[in-house]
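*Asks:* Build the 3D model from these lines:
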Amino acid sequence: MKVNIGVSARHVHLSRNDLDILFGKDYELTEKAPLSQPGQFACNEQVTIEGEKGSIERVRILGPLRSKTQVEISKTDSFKLGVKPPVRNSGDLDGASSITIIGPKGKVTVDAAIIASRHVHATKEDAKKYGFEGKEFVSLKVGGEKPGILENVYVRISDSFVYEVHLDTDDANAFLIKNGDEAELIVK
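*Replies:* Numbers count the residues shown, from 1 in each chain. Modelled structure (predicted):
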């Protein structure tokens, strides 16, 4: 049950309304590079994110636009910013930390900062093939210089996905993982 790993650095997903405020009315994002998941892309546009204690510049926007703005950061980022984001699945902003996003034309303060849950993207066929159909969580066994097992890897199933695990930079750095490394899923 080998799976490729995608390491996800801090980034921002924007709603149409917030994009208009940050970059100007009817602004359109421009694609820098496609991401591994179909239809997803890194944008040329970047913003600054700001918390109570500090800010981080040049944070990449990912497209396409979403219904709600979401800021995904690592725990390490949260210390610099002075925010306390919860660990959440993408799209779940319950209890998200307040954060200010600054663009070239304006700024918005939204309850949108989360630490993304580690998760596996899989199609229904992948889930059936690898035995995690109907499972909510699996584990990930990592080899290399700092091997280990990451628990609570959330299972996301959609036929629009490409089979891949996504980890944030803190998880990746702790196990010396880089983008494209391979690991093994463990289904209990």
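*Asks:* Only C-alpha atoms from now on, for both contacts and neighbour counts.
*Replies:* Noted.
*Asks:* Show me what the longest strand anywhere in the chain pairs with in its sheet, parallel or antiparallel.
*Replies:* Once the chain is assigned using DSSP state E, the strand that runs over the most residues is strand 55-66. Taking DSSP bridges as the criterion, strand 55-66 sits next to strand 11-15 (parallel), strand 41-50 (antiparallel) in its sheet.
*Asks:* ok, and what's touching the first one?
*Replies:* Translated: strand 11-15. The contact list for strand 11-15 (C-alpha atoms under 8 Å, 6 or more residues apart in numbering) reads 59-73.
*Asks:* Not counting the helix or strand just after it itself, show me its contacts.
*Replies:* Sequence order places helix 16-23 as the next helix or strand after strand 11-15, per DSSP states H and E. Where contact means C-alpha under 8 Å, 6+ apart, the residues beyond helix 16-23 that reach it are 25-27, 65-67, 69, 101-108.
*Asks:* top of those by neighbour count?
*Replies:* residue 101 (26 neighbours; other C-alpha atoms under 10 Å).
*Asks:* Bridged to that one, which residues?
*Replies:* Residues in beta-bridge contact with residue 101 (DSSP bridges): residue 49, residue 108.
*Asks:* Help me confirm that it comes into contact with residue 107.
*Replies:* Yes: Residue 101 lies in contact with residue 107 (C-alpha atoms under 8 Å); the separation is 5.5 Å.
*Asks:* For the residue nearest to residue 187 when sequence neighbours are not counted, pull up the helix or strand it's in.
*Replies:* Once flanking residues are discounted, residue 187 sits nearest to residue 138: 5.2 Å by C-alpha to C-alpha, 6 or more residues apart in numbering. If you go by DSSP H and E, residue 138 is part of strand 137-142.
*Asks:* which residues in this protein form strands?
*Replies:* 2-8, 11-15, 31-34, 41-50, 55-66, 70-72, 87-88, 97-102, 107-116, 119-122, 137-142, 148-157, 164-168, 182-186.
*Asks:* Could you tell me the angle between the longest one and helix 16-23?
*Replies:* Using axes from the mean of the first three to the mean of the last three C-alpha atoms, to 10 degrees, the inter-axis angle of strand 55-66 relative to helix 16-23 is 140 degrees.
*Asks:* Mind listing the residues bridging to residue 137?
*Replies:* residue 154.
*Asks:* show me what contacts it?
*Replies:* Neighbours of residue 137 in contact, by C-alpha under 8 Å, 6+ apart: 152-155.
*Asks:* any idea how far it lies from residue 122?
*Replies:* Using C-alpha to C-alpha, to the nearest Å, residue 137 is found at 12 Å from residue 122.
*Asks:* overlap in contacts of these two?
*Replies:* Contacts common to residue 137 and residue 122, judged by C-alpha under 8 Å, 6+ apart, are residue 155.
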